[in-house]
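> coords please:
(chains A and B)
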There are 2 protein chains.
Amino acid sequence: MIIDAHGHYTTVPPGMRIYRALQISNMGRPSKGVVNISDDEIRSSLEKGQIRLLDERGVDVMLFSPMASAMGHHFGSPLVSRYWTEACNDLIARVARLWPDKISPVCQLPQSPDVNPKEWVDELERCVEELGFVGCNVNPDVAGGREPLTPSLGSDWWYPLWEKMVELDLPCTIHASASLNPAMHLTNSYYLAHHNSAAIELLKSSVFKDFPKLKIIIPHGGGAVPYQWNRNRGMHVKEGLEPFEEAARRVYWDMAIYDKESMELLIKRVGADNVLFATEMFGAVNAIDPKTGRNFEDLVPIFQEIDWLTKEERYKITEGNVRKLFPRIFGPTAG
Amino acid sequence: MIIDAHGHYTTVPPGMRIYRALQISNMGRPSKGVVNISDDEIRSSLEKGQIRLLDERGVDVMLFSPMASAMGHHFGSPLVSRYWTEACNDLIARVARLWPDKISPVCQLPQSPDVNPKEWVDELERCVEELGFVGCNVNPDVAGGREPLTPSLGSDWWYPLWEKMVELDLPCTIHASASLNPAMHLTNSYYLAHHNSAAIELLKSSVFKDFPKLKIIIPHGGGAVPYQWNRNRGMHVKEGLEPFEEAARRVYWDMAIYDKESMELLIKRVGADNVLFATEMFGAVNAIDPKTGRNFEDLVPIFQEIDWLTKEERYKITEGNVRKLFPRIFGPTAG
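You can find the predicted model right below:
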């Protein structure tokens, strides 16, 4: 079985965009409102897209979450962010009910600038306990590159979220949203910057001493982490921290990078026990590579070209590690 | 000859710190003041440090600039930044006069939030024409991670600087300074984020169409660029831009990364014509690697282990590309 640990509902029906657009009109007096989308609209938005492509590209199950850039936690008041988050999560839950064997739902959180993480956990509980979500995405830069700046992921400001995640035995993926910084390309600078930074902050902190059972995934191959490996090792030596190569195994890394050499570098650096197969379909590179004639996100063939992995390592990366991390993915009896 | 394209005067005598500290006391009414440092103090700050290590580590010449984090362009008014910049550049000029065969001076600029680049070029001219500087460092995030956010390096806001650099036939290295963002480690997140971003912004812009002779160096192996190669290629395909692999050869990349595999990846991706040997001594990783017993920044032996480079490629990376980029480095008759 091949599980894709990273996909977003980037092809939402127009009803979601209409809902979001109306939030601008009603910023001053936010109201919950109603999302007008039929099951048929959901089906047609995915049947010819991600669902067909999962089959065509040899992926069995996808961890599926709301659009990342559209989370837009910086926009509007905490109530605006909460209503939008609920609407996004409800929609993902409907997708998961339509394709229960293919889609495992991952939620976003009602983050908002200056709102404490303890305010987010009720929505996390609703998603997990009422709607069957198996994981969540956490935005490490809530205000989208502007002020107020978000505390380091190594800070205890985040502890109410970690506590709830451990209580629910639920993993998260760190995932930034839209950026307000005009000097940072969203997918190719801003995301990579904050996902690299998330790893650096977590691995030099006390978070995993305080929460040894916490399960955190760093996406996009860790930004620059494996490439800047000795820069990170050297920094840990200089600052008297645990060896970076050991710290790096406290988190998990998704393989939504698009080069065989980079996948190999990631696996060699952090080990097959800590890597998850991932494509982020449809993500930054939903386009045909003129050199291969294949979509950049069609990664199973590229992963299979890595010929030095054992059968067991291959199993871990495509299935075993997800089963270990996400106990809820195949229902309460899986494991 | 081996030229190190990236070094900072991180061991300045206390007189520089005193000067800077007094700027805080006098923020309301900035005054130029005087830097009290003798030549002997400069000698003793470097003779046992960088100058000795250049010899010990087999490096012949170092491009040497003021401390990067201490540029602190975000601090105080434009006049505070200007006085500090002049003091830093004057000190580097003195170092270069003491070791004319070993040190080639690179200046910082009097950048300050919301100050237009045309206000920086008089200091650039002073450094080049009066003090013999051969290059400059450009901070891409002037306010240090807070507002006001700096325009993209692809924007024409920067054009007055590019015009002057082309006129002087002078290259720059993009180099961020201290960060005010508590969630970003200075050397291992913030620098990498902004240097990666600088490459992305420049290579998708019209800058090199408008300034075909502009010479820009991206430090630290490009942040994540070679590792995220197909993510960048795919983004260029999606956005209808020139192939990324061609765009990447419009800039130069310094090799201040600390792994052999990463150096190899960089050289394979962008080509030996566009890579400069660099250590950033003393930089992020001035520490002993417990695995090798050698300082992380001792990079000549690691570079020499790369056995698939031709003699010509090796020459280009350690000397030839610097000679091409920095016509002033060995005086007006070099070339």
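> in what helix or strand does the residue of the stretch 101-250 of chain A found nearest chain B lie?
The stretch 101-250 of chain A approaches chain B most closely through residue A:234 (2.8 Å), counting by Cβ to the nearest Cβ. All C-beta atoms are positioned from the backbone trio N, CA, C, and that covers glycine. In the assignment (DSSP states H and E), residue A:234 maps to helix A:229-238.
> can you count the residues close to the residue of the stretch 101-250 of chain A closest to chain B?
Look at residue A:234: counted by other Cβ atoms under 10 Å in any protein chain shown, it has 25 neighbours.
> mind pulling the model confidence for it?
Here, the pLDDT recorded for residue A:234 equals 98.
> need the phi and psi values for the nearest residue to it once chain neighbours are set aside.
Leaving aside its sequence neighbours, residue A:234 sits nearest to residue B:285 (Cβ to Cβ, 6 or more residues apart in numbering or on different chains; 2.8 Å). The phi/psi pair for residue B:285 (degrees, to the nearest 10) reads phi -130, psi 40.
> so residue B:285 touches residue B:257, yeah?
No - Residue B:285 is not in contact with residue B:257 according to Cβ atoms under 8 Å; the separation is 9.9 Å.
> common neighbours of those two, please.
By Cβ atoms under 8 Å, 6 or more residues apart in numbering or on different chains, residue B:285 and residue B:257 have these common neighbours: A:230, A:231.
> OK, contacts around residue A:16?
Going by Cβ under 8 Å, 6+ apart, residue A:16 touches A:35, A:37, A:87, A:88, A:91.
> ok, now with 7 Å
The neighbours of residue A:16, taking Cβ atoms under 7 Å, 6 or more residues apart in numbering or on different chains as the test, are A:35, A:37, A:91.
> please apply the same query to residue A:263.
By Cβ under 7 Å, 6+ apart, the contact set of residue A:263 is A:255, A:257, A:303, A:306.
> per-residue pLDDT, the last one?
Taken from the predicted model, the pLDDT recorded for residue A:306 is 98.
> now do the one 4 residues further on
pLDDT for residue A:310: 98.
> same thing with residue A:299?
So, for residue A:299, pLDDT stands at 98.
> residue ranges in chain A under the pLDDT threshold?
Residue ranges of chain A with pLDDT under 70: A:331-335.
> other SSEs contacting the longest helix seen in chain A?
Longest helix in chain A, counting residues (DSSP state H): helix A:78-98. Secondary-structure packing of helix A:78-98 (3 or more Cβ pairs under 7 Å, 6 or more residues apart in numbering or on different chains; DSSP states H and E): strand A:3-9, helix A:14-25, helix A:39-47, strand A:61-66, strand A:103-107.
> for those, give me TSV that also has distance to residue B:155.
Listed next are those as TSV, based on distance: least, Cβ to Cβ, whole Å:
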stretch	distance to residue B:155
strand A:3-9	29
helix A:14-25	26
helix A:39-47	36
strand A:61-66	31
strand A:103-107	36
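> to residue A:75, which of the ones you listed lies closest?
Proximity to residue A:75 (Cβ to Cβ) singles out helix A:14-25 among the helices and strands packed on helix A:78-98, at 7.6 Å.
> quick one: the residue of the stretch 101-250 of chain A closest to chain B and residue B:290 touch, right?
No - under the criterion of Cβ atoms under 7 Å, residue A:234 lies out of contact with residue B:290, with a separation of 10.4 Å.
> can you give me the end-to-end distance of stretch A:162-176?
Stretch A:162-176 has an end-to-end distance of 17 Å (Cα to Cα, to the nearest Å).
> also stretch A:312-325?
Taking Cα to Cα, stretch A:312-325 runs 17 Å from one end to the other.
> list the buried residues for it?
Residues of stretch A:312-325 classed as buried: A:313, A:314, A:316, A:317, A:318, A:319, A:320, A:321, A:322, A:323, A:325 (neighbour count, 16 or more other Cβ atoms under 10 Å in any protein chain shown).
> now stretch A:164-171
A:164, A:165, A:168, A:170, A:171.
> beyond the helix holding residue A:234, next helix or strand please.
By DSSP H and E, the next helix or strand past helix A:229-238 is helix A:244-247.
> who does the helix or strand immediately after that following helix in the chain touch, helix- and strand-wise?
With elements assigned by DSSP H and E, the helix or strand that comes after helix A:244-247 is strand A:252-254. With contacts taken as 3+ Cβ pairs under 7 Å, 6+ apart, strand A:252-254 sits against strand A:216-218, strand A:275-276.
> is the shortest one in proximity to chain B?
No - figure legend: strand A:275-276 not in contact with chain B (Cβ under 7 Å from any Cβ of the partner chain); closest approach 14.5 Å.
> that strand: partners in the sheet, and parallel or antiparallel?
As defined by DSSP bridges, the strand partners of strand A:275-276 come to strand A:252-254 (parallel).
> pull the residues that contact the partner strand.
Contact with strand A:252-254 is made by A:5-6, A:173, A:215-219, A:221-222, A:266, A:270, A:274-276, A:278, A:321, A:325, as judged by Cβ under 7 Å, 6+ apart.
> tell me which residues of it come out buried.
Buried residues in strand A:252-254 (16+ other Cβ under 10 Å): A:252, A:253, A:254.
> just how off-centre is it within its chain?
Between the centre of strand A:252-254 and the centre of its chain there are 10 Å (Cα atoms, centre = their mean, to the nearest Å).
> the next helix or strand after that strand to helix B:260-270, inter-axis angle?
Using DSSP H and E, the helix or strand that follows strand A:252-254 in sequence is helix A:260-270. Between helix A:260-270 and helix B:260-270, the angle comes out at 170 degrees (axes from the mean of the first three to the mean of the last three Cα atoms, to 10 degrees).
> which two among the contacts of residue A:263 are spaced furthest apart?
Going by Cβ to Cβ, the pair spanning the contacts of residue A:263 furthest: A:257 and A:306, at 12.5 Å.
> between those two, which has more neighbouring residues?
residue A:257 (30 against 15).
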